Every structure is written in C-alpha cells, then in structure tokens.
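Colleague: Show me the folded form of this:
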Amino acid sequence: MLSSAYPTATLMLHDLMEDNVLGRRTVGPDSSVQRAETVLEHPCPSCAVRLEIAPAIQNAREHGVEHLILALPPTLPAAALVQALADLPRRSVMLNAVVLACAPGSVEDQVWDPHTLFESGYLVLPQDERTPGEFLMEELAFTETVLLADPELVPITPFERARGVQLVQELAPHARITDRGTDIEARTQHLKNRAGHSPRNGLNRAPSTPDSAFTTVVHHLHRPLHPQRFRHALHSLAPGCARLRGELWMAPVPECRILLRGAGPRIWLKNVGPWASIL
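Modeller: Purely as a prediction, here's the structure:
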C-alpha cells in the first residue's frame, strides 16, 4: 500500500527466521529485487537492529536511496530502531513517519492472546515472555499512524472490522487511522527528538464516540492506596479491560512511583523509583 502511494521509494523488508538468520528483501522503484541473509549472534531485536537493519539503512543512503519504506520484522519495536538511528554518528537519515500496519479484525484477538510471542509463532526467541497484546500496546502508543490493512486470505465481516477500528481508536487516540497509503502524513523530524519520545499512556485523550463498543475510564485518587484494598479492586478493574495504565501511590512505599500496566489477560506492577519533585 505504501509502495503504491510512493512509487519512487525503495522498499526494504526484514524477517527474523530460524537458526539466527535475518533475511532482507530490497525492492527498488523499478521493481528490481535484491535478497540478503545475515547470521546474527543472537536472534533478539537489539542484535537485529545493531548488526543488520541500521547498517542496511545507512548503506542504502550512501548508495543514493532518497526515500525508504522500511518494514521491520514482526515483534521488533519501532522505538528500538528509532533510538539506534538517533545514535548514528552522522545525521544523514531523517524520519518522516512511524506507521503501524494493522488488521482491525484481529486486534481484539491479539490483545487477549494469553500466549507469549514465541508460543504464538511470532518470534524465534523462547526467552521473550511478552504477549502479543503487550507488544501491540507499546507499538500503538509509539506510532503516529495506524494503516488499516485487511488480510486478503481471511475475510472478515463489516461488524468485526468496525469493532476492531473502534478498539484501535480507543487504544491509540493520538494516532491518525487510515486505510489509504496516501494519507500518511510525512513530518520530517530529527531522530534524536523522536527517540526521546515517550509512549502515550492514554490518559490525556478525547472522549469516546457515542456509538463505540469501547470506552476509557480514568480514575484520580488523592491519597495513598492500601495494598490489600487495591488487590481486591483489581478483581473488578481487570475483567474486560483491554488495557490498564496508571501510576500508583501505595501507602507502604509513598516515596515510590508504581506503574500499573495491563494488556488483555496480563497485568503487572513495576517500581520505577521516587516521584519527580514538583517545585
């Protein structure tokens, strides 16, 4: 879809395969295809970015590629590549847009998938314990544009598609949602500024549309939480919530900022240190 919208761009696609192999296909504007494979030290996202993807982008730029559409391997966070490009010694690469291609009819299933990315067949790294929902939440928070791309082999009903679009709108209210490659808004920006971008937590958002099947509820508490009462409250908060996001003030450790995160069936808490001082 993006290649059709930008016919002068070169398309570069990566895929992590078995035996630590990262495959790359490069399709030029003249439809010429080049293929390459790299054996990685370790089949993790950081090795893929450091040893192959970032150097391939830099090499394409040095060989005169002006516009590049880069397709990352499944489960590789876009933020990891943006950070790697920002750390390059030469500022020869400018980022126009971060786009997430998304099949709306499968979003809800991905969110509620209880398996890990490895168990679901998205990743060759058994040690990665992220679920598809966890990965999807982070990508939706980081991306600027969601490109709706329905699979051709698995048709979905209009109802399923509409429900999926409503869920995407609720999970990524900051993003532009479109089904046309020509709608991608190119906003040239310095990579170091983009790398410092923090994922949106969904709290500062526009209200849901009246006919949406999903809504976001925001709770504001003005005193510390009792841990046992909070534990009981989770039993009513968690069921049916596709996403949980929050910063908690717990009575036993009032000086610590506790992050609450949830994606589908998985919920976790993390101590991220003291609260920032407010002058």
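Colleague: where in the stretch 151-279 of the chain is pLDDT low?
Modeller: For the stretch 151-279 of the chain, the stretches with pLDDT under 70 are 185-209, 277-279.
Colleague: Can you list the residue ranges for strands in it?
Modeller: With DSSP state E, counting those that start in this stretch as the criterion, the stretch 151-279 of the chain has strands at 176-178, 243-248, 256-263, 266-274.
Colleague: now those in a markdown table, with mean neighbour count and distance to Val39?
Modeller: Bear in mind the C-beta positions are built from the backbone N, C-alpha and C, glycine included. Output for those, formatted as a markdown table (neighbours: other CB atoms under 10 Å; distance: least, CB to CB, whole Å):
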| stretch | mean neighbour count | distance to Val39 |
| --- | --- | --- |
| strand 176-178 | 16 | 38 |
| strand 243-248 | 17 | 38 |
| strand 256-263 | 18 | 33 |
| strand 266-274 | 12 | 33 |
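Colleague: Using CSV, please lay out the ones you listed together with distance to Arg231.
Modeller: Shown next, in CSV, are the strands of the stretch 151-279 of the chain (distance: least, CB to CB, whole Å):
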stretch, distance to Arg231
strand 176-178, 36
strand 243-248, 12
strand 256-263, 12
strand 266-274, 10
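Colleague: Using PDB, write down the CA coordinates of the biggest helix by length in the chain.
Modeller: Taking DSSP state H as the criterion, the chain has its longest helix at helix 158-171. Provided in PDB are the C-alpha atoms of helix 158-171 (Å, rounded to 0.1, in the frame of the first residue of the first chain):
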ATOM      1  CA  PRO A 158     -18.100  -5.500   8.400                       C
ATOM      2  CA  PHE A 159     -19.100  -5.800  12.000                       C
ATOM      3  CA  GLU A 160     -15.800  -7.300  13.000                       C
ATOM      4  CA  ARG A 161     -13.900  -4.700  11.100                       C
ATOM      5  CA  ALA A 162     -15.900  -1.800  12.600                       C
ATOM      6  CA  ARG A 163     -15.400  -3.200  16.100                       C
ATOM      7  CA  GLY A 164     -11.700  -3.500  15.500                       C
ATOM      8  CA  VAL A 165     -11.400   0.000  14.200                       C
ATOM      9  CA  GLN A 166     -13.300   1.300  17.300                       C
ATOM     10  CA  LEU A 167     -10.800  -0.600  19.600                       C
ATOM     11  CA  VAL A 168      -7.800   0.900  17.700                       C
ATOM     12  CA  GLN A 169      -9.300   4.400  18.100                       C
ATOM     13  CA  GLU A 170      -9.700   3.800  21.800                       C
ATOM     14  CA  LEU A 171      -6.200   2.400  22.300                       C
END
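Colleague: Show me what that helix is packed up against.
Modeller: Helix 158-171 makes packing contacts with helix 107-111, helix 132-142, strand 145-148, strand 176-178 when contacts are defined by 3 or more CB pairs under 8 Å, 6 or more residues apart in numbering; DSSP states H and E.
Colleague: closest to Pro43 out of those?
Modeller: Checking those against Pro43 by CB to CB gives helix 132-142 as the closest, at 15.8 Å.
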